[in-house]
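Peer 1: all I have is the shape, not the residue letters:
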């Protein structure tokens, strides 16, 4: 079982909240809301996605790289996966 | 009518695609998918949100700040709105 | 005279502080300082560069796009320059 | 000896190049260069800092978290240091 399973409910709650925020941006666009409102809502989505990404990166690091009892090969793979994400999307 | 109205369909399409990507992250979490898969999907959401944010910032700038025929007060307000978003979430 | 000229001293002070922070990272690397220290110092450079970038973006927006008395062509050019920077480096 | 020591020369070269780019921004400000030029140069600094930060994060991850032969406590500490940087400055 993945480490995400053990702690998945808070993460699922966060992604659902993000889904709600994305729906609010969609409504703002459909209803031709004020442009500044749309912009603020979308910027809020970005902030929430960044926060969740940091959370999942931290968990991945602890469970798939740092965790006692992993094999050297498992750690190397976990590190590679993280580095790929960091290189593509920022630090 | 807001400038977003005139061009809203492509933007609505993009936010719907993002909603689909967010749903895929939720499914990955619920189905206890591999952590690296979840991470990649969420990182892809971030990339898509950034791209749409840049698009809407560019439109706001052109329609609410640079557009010929706006009053000085309208430009000042449009600029303030943009600066607020940039200061909070970026650049 | 560019709008930067009028307010350049505080900006020059900030970039000089950043130059000092960069020199501290270089020293940390040369002296084989603890890796975490190097990482924190470099992350601080990033934060300072982001802050200054936001400042200069805000000034450019106010002086080269929103400023009363600019021609439509000048505003269009100022907006294009900003959009190019935002597209390349994030929002 | 830190893992940075073993590979420090390429990193030192990169931070020196960044120092040169920062000096170019300072010159642009002092010489009242075109605002768009200053903006582009500073945005280039940001890109270079991000790239180096990713590099040092990747090295830290491999040497202080994933490396075979570290103790559990060392891995936990290395992971904490990374998470602190990621939470404060990114992803």
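Peer 2: Perfect, thanks for sending it. Please read all numbers here as calculations on a predicted model, not as lab measurements. Residues are numbered from 1 along each chain as shown, chains lettered A, B, ... in the order given.
Peer 1: element containing the residue nearest the centre of chain A, please.
Peer 2: Centre of chain A computed as the mean C-alpha position; nearest residue by Cα atoms, centre = their mean is residue A:53, 2.7 Å away. In the assignment (DSSP states H and E), residue A:53 maps to helix A:35-61.
Peer 1: what is that helix packed up against?
Peer 2: On a contact count with 3 or more Cβ pairs under 8 Å, 6 or more residues apart in numbering or on different chains; DSSP states H and E, helix A:35-61 meets helix A:3-6, helix A:8-30, helix A:72-89, helix B:3-6, helix B:35-61, helix B:72-89, helix D:72-89. Heads up, the C-betas are built off the backbone N, CA and C, glycines and all.
Peer 1: and these, which is most packed in?
Peer 2: Among the helices and strands packed on helix A:35-61, ranked by average contacts under mean count of other Cβ atoms under 10 Å in any protein chain shown, first place goes to helix B:35-61 (a mean of 21).
Peer 1: chain center to it, what's the gap?
Peer 2: Computed by Cα atoms, centre = their mean, to the nearest Å, the chain-centroid distance of helix B:35-61 equals 7 Å.
Peer 1: tell me the contacts of residue A:40?
Peer 2: B:84, B:85 (Cβ atoms under 8 Å, 6 or more residues apart in numbering or on different chains).
Peer 1: any figure for the gap between it and residue B:16?
Peer 2: Separation of residue A:40 from residue B:16 (Cβ to Cβ, to the nearest Å): 20 Å.
Peer 1: any chance of the helices and strands packed on helix A:35-61 in CSV, with mean pLDDT too?
Peer 2: Conversion of these to CSV gives the following (pLDDT from 0 to 100):
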stretch, mean pLDDT
helix A:3-6, 60
helix A:8-30, 95
helix A:72-89, 92
helix B:3-6, 60
helix B:35-61, 94
helix B:72-89, 92
helix D:72-89, 92
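Peer 1: excluding its backbone neighbours, what's nearest residue A:87?
Peer 2: Using Cβ to Cβ, 6 or more residues apart in numbering or on different chains and skipping residues adjacent in sequence, the residue nearest residue A:87 is residue D:54, 5.6 Å away.
Peer 1: what's the answer for residue A:26, then?
Peer 2: Closest residue to residue A:26 apart from its sequence neighbours, by Cβ to Cβ, 6+ apart: residue B:15 at 4.7 Å.
Peer 1: tell me what angle the helix holding residue A:53 forms with helix B:8-30.
Peer 2: Calculated by axes from the mean of the first three to the mean of the last three Cα atoms, to 10 degrees, helix A:35-61 forms an angle of 20 degrees with helix B:8-30.
Peer 1: in contact with residue A:47, which residues?
Peer 2: With Cβ under 8 Å, 6+ apart, residue A:47 has these contacts: B:88, B:89.
Peer 1: returning to what we had before: does the residue nearest to the centre of chain A touch residue B:38 like I think?
Peer 2: No. Using Cβ atoms under 8 Å, residue A:53 is not in contact with residue B:38, being 10.2 Å away.
Peer 1: residue D:10 versus the residue nearest to residue A:87, what's the distance?
Peer 2: 14 Å.
Peer 1: thought the residue nearest to residue A:26 was touching residue A:25?
Peer 2: Yes. Using Cβ under 8 Å, residue B:15 is in contact with residue A:25, at 5.3 Å.
Peer 1: tell me, how many residues neighbour residue A:68?
Peer 2: Neighbourhood size, residue A:68 [other Cβ atoms under 10 Å in any protein chain shown]: 9.
Peer 1: before we move on, what SS does it have?
Peer 2: coil (DSSP: H, G, I helix; E, B strand; the rest coil).
Peer 1: likewise for residue A:32?
Peer 2: What three-state DSSP gives for residue A:32 is coil.
Peer 1: next, it: phi, psi?
Peer 2: The phi and psi values for residue A:32, taken as degrees, to the nearest 10, are phi 50, psi 40.
Peer 1: got it, and residue A:71?
Peer 2: Here is the backbone geometry of residue A:71 (degrees, to the nearest 10): phi -80, psi 160.
Peer 1: and it, what does it touch?
Peer 2: Contacts of residue A:71 by Cβ under 8 Å, 6+ apart: none found.
Peer 1: state the distance from it to chain B.
Peer 2: Taking Cβ to the nearest Cβ, to the nearest Å as the measure, residue A:71 falls 16 Å from chain B.
Peer 1: now swap in residue A:18 and tell me
Peer 2: 6 Å.
Peer 1: so who does the residue nearest to the centre of chain A touch?
Peer 2: Contacts for residue A:53 were tallied using Cβ under 8 Å, 6+ apart; they are A:89, B:39, B:42, B:43, B:46, D:91.
Peer 1: that older thread, from what I see, the residue nearest to residue A:87 and residue A:86 are in contact.
Peer 2: Yes. Using Cβ under 8 Å, residue D:54 is in contact with residue A:86, at 5.6 Å.
Peer 1: check contacts around residue A:23.
Peer 2: Residue A:23 touches residue B:19, counting by Cβ under 8 Å, 6+ apart.
Peer 1: let me know the distance separating it from residue A:10.
Peer 2: Residue A:23 is 21 Å from residue A:10, by Cβ to Cβ.
Peer 1: next one: residue A:67
Peer 2: According to Cβ to Cβ, residue A:67 stands 19 Å off from residue A:10.
Peer 1: now do residue A:88
Peer 2: Counting by Cβ to Cβ, the gap from residue A:88 to residue A:10 is 25 Å.
Peer 1: ditto for residue A:37
Peer 2: 29 Å.
Peer 1: ok, now which ones touch the closest residue to residue A:37 other than its chain neighbours?
Peer 2: Leaving aside its chain neighbours, residue A:37 sits nearest to residue A:28 (5.8 Å; criterion: Cβ to Cβ, 6+ apart). Applying Cβ under 8 Å, 6+ apart, we find residue A:28 in contact with A:37, A:38, A:41.
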